[in-house]
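K.L.:
the following comprises the amino acid sequence and a computationally predicted model.
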Amino acid sequence: MALLTEIYDDGAMERVPQQADAAGAAGAAAAQDAVAPEAGARAAAVPEAGARGAVAGRARRRLVAGGGALVVVAALAYWLGSGSGGGEVAAAGPSATPTPTPTPGATLTVPDLYERVGPSVVVIQAGKSLGTGVIAADDGTILTAYHVVKGAKDVRLTFADGTKAKAVVASSNPKRDVATLKPAELPELVVPATLGGGVAVGAPVVAIGNPLGLTYSVSTGVVSGLNRSAEEGGLSGLIQFDASVNPGSSGGPLLDGRGLVVGIVVSIADPGGDEAFAGIAFAVPIGVALGDEGDGPPGGGPLI
């Protein structure tokens, strides 16, 4: 590798015993006898008032009781509305509008993205060179980095389902560092990836590959820069990203948040010369890899 390699009160009423005091009772009886005629006259004079008072008293008791019931109902409603007596907010109920399932146009979680695109990723062994490829068409054509298969007479593939097959180089473009492979055999189910899509600085990306022989490894990062060039390699226009890649990742897909292949991984920066990931990696934009001259020349730099 070169300089750049890739969260009631139940107050029971007290019953106060009433003391039966004989003297007190006698005194009360005498007093009652003294005022009975006058009280009886008043009572006889206003029988209707007494009755109205009794009714009013009952009405007041009913009103108080009814008001108390309203207070209890209101308190219960508040308690239920808050979700618990502890003041926590109740969880929102199911939405009246069903949430649509993810589509190719929607942002996916990394596990969902891996489940969708993983079957399209291929392990490539070309002589002593280890790399990665991605199924790019229904006929099983594989897109990879040219330097992975450069000069190799024996190219072997391992598909995601374990199918092994030989392949031949169908086309190559050293200036773009891309190549296509034609497998001699295909797995029972061919799952091509979806190619295309632009990228923006800061956008999330995911790389799937076989770094250091650790097959089907996933790493995440963001687009760090666009239209990058390297002092060596003769390539320019690369996508710079910081998802971890290492030797063996070359030729693998760089994916956006929707699972679209936006680039083909080709190199890393290797300031120490030890082929260790330094946080800077490069990919050829997918439009360039597919021969779209309108996107400019592919990114270049040290190969992994």
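P.N.:
Thanks, I have the structure now. Numbers count the residues shown, from 1 in each chain.
K.L.:
hey, where'd the helices end up in the protein?
P.N.:
Under the criterion DSSP state H, the chain contains helices at 22-45, 47-81, 110-117, 146-149, 286-289.
K.L.:
now the last one: mean pLDDT?
P.N.:
It refers to helix 286-289. Per-residue pLDDT over helix 286-289 has a mean of 92.
K.L.:
from now on call the first residue 33
P.N.:
With the count now opening at 33, the last piece we talked about shows up as helix 318-321.
K.L.:
so which elements touch that helix?
P.N.:
Contacts defined by 3 or more Cβ pairs under 8 Å, 6 or more residues apart in numbering; DSSP states H and E place helix 318-321 against strand 293-300. All C-beta atoms are positioned from the backbone trio N, CA, C, and that covers glycine.
K.L.:
identify each buried residue in the strand it packs on, please.
P.N.:
Across strand 293-300, burial judged by 16 or more other Cβ atoms under 10 Å covers V293, V294, G295, I296, V297, V298, S299, I300.
K.L.:
swap in stretch 154-172?
P.N.:
154-158, 161-168, 172.
K.L.:
next one: stretch 211-219
P.N.:
Of the residues in stretch 211-219, A211, T212, L213, P215, P219 count as buried by neighbour count, 16+ other Cβ under 10 Å.
K.L.:
then stretch 245-257?
P.N.:
The neighbour-count check on stretch 245-257 (16+ other Cβ under 10 Å) flags T247, S249, V250, S251, T252, G253, V255, S256 as buried.
K.L.:
ok, residues contacting that stretch?
P.N.:
142, 146, 150, 153, 155, 162, 190, 192, 231-243, 271-277, 280-281, 312 (Cβ atoms under 8 Å, 6 or more residues apart in numbering).
K.L.:
just to revisit the earlier point, how about the buried residues of stretch 245-257 in JSON lines, adding distance to G183 and pLDDT?
P.N.:
What follows is the buried residues of stretch 245-257, written out as JSON lines (distance: Cβ to Cβ, whole Å; pLDDT from 0 to 100):
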{"residue": "T247", "distance to G183": "23", "pLDDT": "96"}
{"residue": "S249", "distance to G183": "26", "pLDDT": "97"}
{"residue": "V250", "distance to G183": "30", "pLDDT": "97"}
{"residue": "S251", "distance to G183": "29", "pLDDT": "97"}
{"residue": "T252", "distance to G183": "33", "pLDDT": "97"}
{"residue": "G253", "distance to G183": "31", "pLDDT": "97"}
{"residue": "V255", "distance to G183": "32", "pLDDT": "97"}
{"residue": "S256", "distance to G183": "32", "pLDDT": "96"}
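K.L.:
out of those, list just those in strands.
P.N.:
Counting by DSSP state E, the part of the buried residues of stretch 245-257 found in strands is S249, V250, S251, T252, G253, V255, S256.
K.L.:
the third one and E147: what is the separation?
P.N.:
If I follow you right, that is S251. Per Cβ to Cβ, to the nearest Å, S251 is found 16 Å from E147.
K.L.:
in the stretch 133-282 of the chain, which segments are predicted with low confidence?
P.N.:
133-137, 262-266 (pLDDT under 70).
K.L.:
so which residues of it form strands?
P.N.:
Assigned by DSSP state E, counting those that start in this stretch, the strands in the stretch 133-282 of the chain fall at 153-158, 161-167, 174-177, 187-190, 196-205, 210-215, 236-241, 249-261, 268-273.
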